[in-house]
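**Student:** sequence first, then the predicted structure, then my questions.
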Amino acid sequence: MHMMVSKPEQWVKPIAVAGGNQYTFHLEATNNAGALIKDIRENGMKVGLAIKPGTSVEELAPWANQIDMALVMTVEPGFGGQTFMDDMMPKVQWLRTQFPSLDIEVDGGVGPDTIHKCVEVLKTQPHS
Ligand SMILES: O=C(CO)[C@H](O)[C@H](O)COP(=O)(O)O
(Lines give C-alpha, C1' and ligand atoms only; values in the text may rest on other atoms or scores of the structure.)
Protein backbone atom coordinates (compact mmCIF):
# COMPACT_ATOMS: atom_id res chain seq x y z
CA MET A 1 0.00 0.00 0.00
CA HIS A 2 1.52 3.33 -1.07
CA MET A 3 0.39 5.86 1.55
CA MET A 4 0.65 9.26 -0.09
CA VAL A 5 -0.56 10.95 3.10
CA SER A 6 0.63 13.67 5.44
CA LYS A 7 0.48 11.72 8.73
CA PRO A 8 1.53 8.17 7.86
CA GLU A 9 1.82 7.17 11.53
CA GLN A 10 -1.94 7.15 12.04
CA TRP A 11 -2.73 4.61 9.32
CA VAL A 12 -0.32 1.79 10.20
CA LYS A 13 -2.69 -0.13 12.45
CA PRO A 14 -5.78 0.31 10.25
CA ILE A 15 -3.92 -0.87 7.16
CA ALA A 16 -2.52 -3.88 9.04
CA VAL A 17 -5.98 -4.77 10.35
CA ALA A 18 -7.37 -4.43 6.82
CA GLY A 19 -4.86 -7.03 5.64
CA GLY A 20 -2.05 -4.89 4.24
CA ASN A 21 1.26 -6.69 3.85
CA GLN A 22 3.47 -3.76 2.91
CA TYR A 23 3.22 -0.16 4.06
CA THR A 24 4.96 2.49 1.99
CA PHE A 25 5.26 5.97 3.43
CA HIS A 26 6.88 9.19 2.27
CA LEU A 27 10.11 10.20 3.96
CA GLU A 28 9.02 13.84 3.74
CA ALA A 29 5.82 13.13 5.70
CA THR A 30 7.45 12.08 8.97
CA ASN A 31 10.04 13.44 11.35
CA ASN A 32 10.73 10.01 12.84
CA ALA A 33 11.22 7.47 10.09
CA GLY A 34 12.96 5.05 12.45
CA ALA A 35 9.99 4.84 14.81
CA LEU A 36 7.59 4.48 11.91
CA ILE A 37 9.62 1.65 10.37
CA LYS A 38 9.60 -0.11 13.74
CA ASP A 39 5.84 0.33 14.10
CA ILE A 40 5.19 -1.02 10.60
CA ARG A 41 7.31 -4.11 11.35
CA GLU A 42 5.61 -4.64 14.71
CA ASN A 43 2.31 -4.62 12.84
CA GLY A 44 3.52 -7.43 10.63
CA MET A 45 4.08 -5.55 7.40
CA LYS A 46 6.99 -4.99 5.07
CA VAL A 47 8.32 -1.45 4.80
CA GLY A 48 8.41 0.73 1.72
CA LEU A 49 9.98 4.18 1.72
CA ALA A 50 9.12 6.76 -0.95
CA ILE A 51 10.82 10.02 -1.90
CA LYS A 52 9.40 12.93 -3.88
CA PRO A 53 11.29 14.35 -6.88
CA GLY A 54 12.78 17.14 -4.77
CA THR A 55 14.24 14.79 -2.18
CA SER A 56 17.74 13.50 -2.78
CA VAL A 57 18.42 9.81 -2.76
CA GLU A 58 21.14 10.39 -0.17
CA GLU A 59 18.37 11.27 2.30
CA LEU A 60 16.84 7.84 1.77
CA ALA A 61 20.16 6.00 1.94
CA PRO A 62 20.48 5.87 5.77
CA TRP A 63 17.25 3.86 5.88
CA ALA A 64 17.96 1.54 2.97
CA ASN A 65 19.14 -1.38 5.09
CA GLN A 66 15.99 -1.21 7.23
CA ILE A 67 13.42 -1.24 4.46
CA ASP A 68 12.14 -3.76 1.92
CA MET A 69 11.47 -1.39 -0.94
CA ALA A 70 12.47 2.11 -2.06
CA LEU A 71 10.02 4.06 -4.19
CA VAL A 72 11.32 6.89 -6.36
CA MET A 73 8.51 9.21 -7.44
CA THR A 74 8.79 10.09 -11.11
CA VAL A 75 6.11 12.79 -10.87
CA GLU A 76 5.15 15.20 -8.12
CA PRO A 77 2.57 13.56 -5.86
CA GLY A 78 -0.88 14.96 -6.41
CA PHE A 79 -2.61 13.77 -9.54
CA GLY A 80 -2.37 11.38 -12.44
CA GLY A 81 -1.45 12.07 -16.02
CA GLN A 82 1.78 13.95 -15.39
CA THR A 83 4.90 13.64 -17.50
CA PHE A 84 7.48 11.06 -16.46
CA MET A 85 10.56 12.75 -15.02
CA ASP A 86 13.61 11.26 -16.75
CA ASP A 87 15.89 13.09 -14.36
CA MET A 88 14.82 10.75 -11.53
CA MET A 89 16.56 7.82 -13.22
CA PRO A 90 19.98 8.59 -11.71
CA LYS A 91 18.40 8.11 -8.27
CA VAL A 92 17.18 4.68 -9.30
CA GLN A 93 20.55 3.77 -10.78
CA TRP A 94 22.37 4.90 -7.65
CA LEU A 95 20.07 2.85 -5.40
CA ARG A 96 20.44 -0.22 -7.60
CA THR A 97 24.22 0.10 -7.44
CA GLN A 98 24.47 0.80 -3.72
CA PHE A 99 21.81 -1.63 -2.54
CA PRO A 100 21.66 -4.50 -5.05
CA SER A 101 19.12 -6.59 -3.15
CA LEU A 102 16.71 -3.76 -2.38
CA ASP A 103 13.39 -3.76 -4.22
CA ILE A 104 12.96 -0.50 -6.13
CA GLU A 105 9.75 0.95 -7.54
CA VAL A 106 8.97 4.06 -9.54
CA ASP A 107 5.60 5.79 -9.60
CA GLY A 108 4.19 8.29 -12.05
CA GLY A 109 4.08 8.71 -15.77
CA VAL A 110 5.12 5.14 -16.47
CA GLY A 111 3.65 3.76 -19.70
CA PRO A 112 4.54 2.30 -23.09
CA ASP A 113 6.73 5.29 -23.96
CA THR A 114 8.70 5.39 -20.71
CA ILE A 115 8.79 1.89 -19.22
CA HIS A 116 11.96 1.00 -21.16
CA LYS A 117 13.86 3.78 -19.36
CA CYS A 118 13.00 2.23 -16.00
CA VAL A 119 13.89 -1.26 -17.16
CA GLU A 120 17.28 -0.16 -18.49
CA VAL A 121 18.20 1.49 -15.22
CA LEU A 122 16.84 -1.23 -12.97
CA LYS A 123 18.80 -3.94 -14.68
CA THR A 124 22.05 -2.08 -14.00
CA GLN A 125 24.48 -4.53 -12.45
CA PRO A 126 26.65 -3.26 -9.62
CA HIS A 127 30.38 -3.45 -10.22
CA SER A 128 32.13 -6.22 -8.32
O1 LIG B 1 -0.83 9.80 -7.22
C2 LIG B 1 -0.01 9.70 -8.04
C3 LIG B 1 0.87 10.81 -8.39
O4 LIG B 1 0.46 11.90 -7.68
C5 LIG B 1 0.08 8.43 -8.76
O6 LIG B 1 1.07 7.65 -8.28
C7 LIG B 1 0.05 8.72 -10.21
O8 LIG B 1 -1.18 9.27 -10.41
C9 LIG B 1 0.27 7.58 -11.11
O10 LIG B 1 -0.56 7.67 -12.20
P11 LIG B 1 -0.07 7.95 -13.68
O12 LIG B 1 1.27 7.35 -13.81
O13 LIG B 1 -1.09 7.28 -14.51
O14 LIG B 1 -0.06 9.42 -13.88
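**Tutor:** Looks like it arrived, so ask away.

**Student:** excluding chain neighbours, what is closest to Ala61?
**Tutor:** Gln98 (6.9 Å; C-beta to C-beta, 6 or more residues apart in numbering). Using the backbone N, CA and C atoms, a C-beta is placed for each residue, glycine as well.

**Student:** the one you found contacts Leu60, doesn't it?
**Tutor:** No - using C-beta atoms under 8 Å, Gln98 makes no contact with Leu60, being 10.2 Å away.

**Student:** higher neighbour count, those two?
**Tutor:** For Gln98 versus Leu60, the count of surrounding residues by other C-beta atoms under 10 Å is larger for Leu60: 22 against 13.

**Student:** check contacts around that one.
**Tutor:** Leu27, Leu49, Ile51, Ala70, Leu95 (C-beta atoms under 8 Å, 6 or more residues apart in numbering).

**Student:** for Thr83, same thing?
**Tutor:** So Thr83 contacts Val75, Gly109 (C-beta under 8 Å, 6+ apart).

**Student:** switch to 10 Å and redo it
**Tutor:** Thr74, Val75, Gly108, Gly109, Thr114 (C-beta atoms under 10 Å, 6 or more residues apart in numbering).

**Student:** now swap in Thr55 and tell me
**Tutor:** His26, Leu27, Glu28, Val72, Met73, Lys91.

**Student:** now Met1
**Tutor:** Counted by C-beta under 10 Å, 6+ apart, Met1 has contacts 11, 15-16, 18-25, 45, 48.

**Student:** of those residues, buried ones?
**Tutor:** Neighbour-count burial (16 or more other C-beta atoms under 10 Å) is assigned, among the contacts of Met1, to Trp11, Ile15, Ala16, Gly20, Tyr23, Thr24, Phe25, Met45, Gly48.

**Student:** give me the nearest residue to the first one, chain neighbours excluded.
**Tutor:** Going back to what we said before, that points to Trp11. Nearest residue to Trp11, sequence neighbours excluded (C-beta to C-beta, 6+ apart): Met3, at 5.8 Å.
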